[in-house]
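[1] 3D, please:
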Amino acid sequence: MKKRCPHADIRFCPLYHAAHMEGGFGCDDGRLDEGGCAVSRGWSYARALARLNAAMPRIVAELRWKEEAAEGRLQRDRNMRLLGLH
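    The predicted model follows:
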């Protein structure tokens, strides 16, 4: 089974964002042209995230907050549909 990024939406993956910044903290292992990211090729997401969090805690926290807010909005919309309110 292939590993993959745990984020359903790449917009919220801190490793993806870090791959577009200086510092080498992202999920780009130089083989992105093969499809997927380094996590899908065996990198430990938890270890890479811990390393990024130590270097740039603000980006990790900000993206976590944005992801939780988006999930909350989706849940609210689902609840409203189930209740017949929307």
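
[2] which residues touch G72?
    Applying C-beta atoms under 8 Å, 6 or more residues apart in numbering to G72 gives no contacts. The C-beta positions use only the backbone N, C-alpha and C, and glycine is treated the same way.

[3] gap between it and E62?
    Counting by C-beta to C-beta, to the nearest Å, the separation of G72 from E62 is 16 Å.

[4] grab the most central residue of this protein for me.
    Against the mean C-alpha coordinate of the chain, by C-alpha atoms, centre = their mean, the closest residue is C13 at 1.8 Å.

[5] is it true that that residue touches K66?
    No: the pair C13 / K66 is not scored as a contact, 11.0 Å apart, by C-beta atoms under 8 Å.

[6] quick revisit: neighbours of the closest residue to the residue nearest to the centre of the chain other than its chain neighbours, how many?
    In space, and not counting its chain neighbours, C13 is closest to H7: 4.3 Å by C-beta to C-beta, 6 or more residues apart in numbering. Residues contacting H7 under the criterion other C-beta atoms under 10 Å number 15.

[7] so what's H7 up against?
    With C-beta under 8 Å, 6+ apart, H7 has these contacts: C13, Y16, E67.

[8] tell me which element it falls in.
    Under the criterion of DSSP states H and E, H7 resides outside all helices and strands.

[9] how close does it sit to V60?
    Taking C-beta to C-beta, one finds H7 at 12 Å from V60.

[10] swap in G26?
    For G26 relative to V60 (C-beta to C-beta), the value is 12 Å.

[11] quick one: residues contacting V60.
    P14, L49, L52, N53.

[12] if you could redo that for Y16, that was the one I meant.
    C5, H7, I10, G26, C27, C37.
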